[in-house]
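Q: got a structure for you, letters missing:
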């Protein structure tokens, strides 16, 4: 309630500094302004102080959304700067271990234990697999929480609710409320950015009456902040070399870290695994008395009707179908036709961006977030296939990577027929174009250097005809700066 003295002060502020009135009301937490949709609702809730409502009616209400947006962006900027993400600063943001997360979860009332979940890890494909599963569940009438990372355009892409009506990102109001309400705890306990966002997702899902949550790991598995849930099913999509400084320098070591999401007496599905990784997973499953399954490797999937057009999606689709077979035996119900509709309309149903996404035509311009050798090999194979089949006259590639990437391993898989425009994202981790370009020139590639993604797109577009293809990739951050759009 607002005391008489505060009421008088607010009235004075309203006359002299109307924006300060709004700020005071928000800070005092007397009223959650973002939830007041109509003036009438404000009046009905606070009839004893109708004069305050009248003040809002006179001048403040039209400023409400603007003020809210500014506060949201300011708080988000504060959190990003104080707790930088791995997406921005790399190693400095990496904080392995679940102890902090367990403590924070308990402080919040253990939201991680208040919803059913599926946990997904893997070197590549875990984001697509998460969205494919969410789309299938939603198409079959389930209300689904979806937590993935990183985001490309909007922080809220990380946390969504999907149902038969589509998808909805977490609201700015809820993000702002969570960040401001628990800011002191973040600072006192030195939380990481990913710990904060994971807890925000768990809190949101626990309050959203979901049927199931699809939770993607951030990095690794065993020591990942998400690894405090008890999922109905764990999924490990595949194992390749990435983040070796944290996960290990052999496939066996990497598989061991990602296998850390296998739970005692739980169920785990392996999407792809060579002999060495298969043995690792089988050993972990045996130690934990877990039920282990391996996905069907029949990759004869016609992608022509799918809105995810990357050839590599065949592996992810097979993994999802195998997961549905397991889930159908533990109480979940799926209609075959609705499953097909969910798989074919994943991007539309969930808002997934940057997976072999066509962003413009004449010339056709496609972007993809594949960024390590394991993932880019599939991307380059698809570009080579398009070249061999003469689908496009010429192919131009706008490419950039990050400083920690093994450039030599990339050169081994990059096709030599395209013209390359080497550039970098506006990111501290981006590799300087001249470093990559020199190695490519020495290896005989046709290369131009561009200092920004916008210049690279401009040069490639000026070089290409309407019958050509421009591809943008090599770095998630490069794709994020391209002209992609979402809901």
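A: Yep, that arrived. Everything quoted here is computed from the prediction, not taken from an experiment.

Q: Which helix or which strand is home to residue 81?
A: Following DSSP states H and E, one finds residue 81 within helix 64-82.

Q: which helices and strands sit right next to that helix?
A: helix 18-28, helix 172-181, helix 183-188, helix 193-206 (3 or more C-beta pairs under 8 Å, 6 or more residues apart in numbering; DSSP states H and E). C-betas here are computed from N, CA, C, even on glycine.

Q: just checking, what packs against the longest one?
A: So that's helix 193-206. helix 64-82, helix 99-107, strand 144-147, strand 159-163, helix 172-181.

Q: looking at the ones you listed, which is closest to residue 238?
A: Across these, residue 238 has its closest neighbour in strand 144-147 (20.1 Å, C-beta to C-beta).

Q: How far away from the center of its chain is that closest one?
A: Centre-to-centre, strand 144-147 and its host chain are 11 Å apart (C-alpha atoms, centre = their mean, to the nearest Å).

Q: ok, back up a step: kindly compare burial across the helices and strands packed on helix 64-82 and name the winner.
A: The highest mean neighbour count among those, using mean count of other C-beta atoms under 10 Å, belongs to helix 193-206: a mean of 24.

Q: Give me the angle between it and helix 64-82.
A: Put simply, helix 193-206 runs at 140 degrees to helix 64-82, going by axes from the mean of the first three to the mean of the last three C-alpha atoms, to 10 degrees.

Q: Go through the helix or strand just after helix 193-206 and flag the buried ones.
A: As assigned by DSSP H and E, the chain's next helix or strand after helix 193-206 is strand 212-216. By 16 or more other C-beta atoms under 10 Å, the buried positions in strand 212-216 come out as 212, 213, 214, 215, 216.

Q: Please apply the same query to stretch 256-268.
A: Buried residues in stretch 256-268, defined by neighbour count with 16+ other C-beta under 10 Å: 256, 257, 258, 259, 260, 261, 262, 263, 266, 267, 268.

Q: from the residues you listed, which ones fall inside strands?
A: Judged by DSSP state E, strands contain the following of the buried residues of stretch 256-268: 267, 268.

Q: List just the nearest of the buried residues of stretch 256-268 to residue 335.
A: Once C-beta to C-beta is applied, the member of the buried residues of stretch 256-268 that ends up nearest residue 335 is residue 267, at 22.3 Å.

Q: Report the separation between residue 143 and residue 174.
A: From residue 143 across to residue 174, the span is 16 Å (C-beta to C-beta, to the nearest Å).

Q: what does stretch 356-363 rub up against?
A: The contact list for stretch 356-363, computed with C-beta atoms under 8 Å, 6 or more residues apart in numbering, reads 308-310, 313, 347, 364-368, 379, 382, 461, 464-470, 472, 482-484.

Q: Quote the end-to-end distance of it.
A: Terminal residues of stretch 356-363 are spaced 15 Å apart (C-alpha to C-alpha, to the nearest Å).

Q: Contact partners for the residue nearest the centre of the chain?
A: Centroid-nearest residue in the chain, with C-alpha atoms, centre = their mean: residue 149, separated by 2.7 Å. Going by C-beta under 8 Å, 6+ apart, residue 149 touches 87, 158, 194, 197, 216, 218.

Q: next one: residue 353
A: Applying C-beta under 8 Å, 6+ apart, we find residue 353 in contact with 152, 153, 157, 347, 484, 486.

Q: for those, which one is nearest residue 389?
A: Using C-beta to C-beta, residue 347 is the member of those that lies nearest residue 389, at 23.8 Å.

Q: follow-up on the earlier one: tell me which of the helices and strands packed on helix 193-206 lies nearest to residue 429.
A: So among the helices and strands packed on helix 193-206, helix 64-82 is nearest, using C-beta to C-beta, at 14.8 Å.

Q: Of the helices and strands packed on helix 193-206, flag the one that's most buried.
A: Highest mean neighbour count of the helices and strands packed on helix 193-206: strand 144-147, a mean of 27 (counted as mean count of other C-beta under 10 Å).

Q: Need the distance between the two termini of stretch 111-131.
A: Stretch 111-131 has an end-to-end distance of 22 Å (C-alpha to C-alpha).

Q: Quick check, pLDDT for residue 83.
A: Residue 83 carries a pLDDT value of 72.

Q: before we move on, the earlier item: weed out the non-buried ones from the contacts of stretch 356-363.
A: Neighbour-count burial (16+ other C-beta under 10 Å) is assigned, among the contacts of stretch 356-363, to 308-310, 313, 347, 364-368, 379, 382, 461, 464, 468-470, 472, 482, 484.
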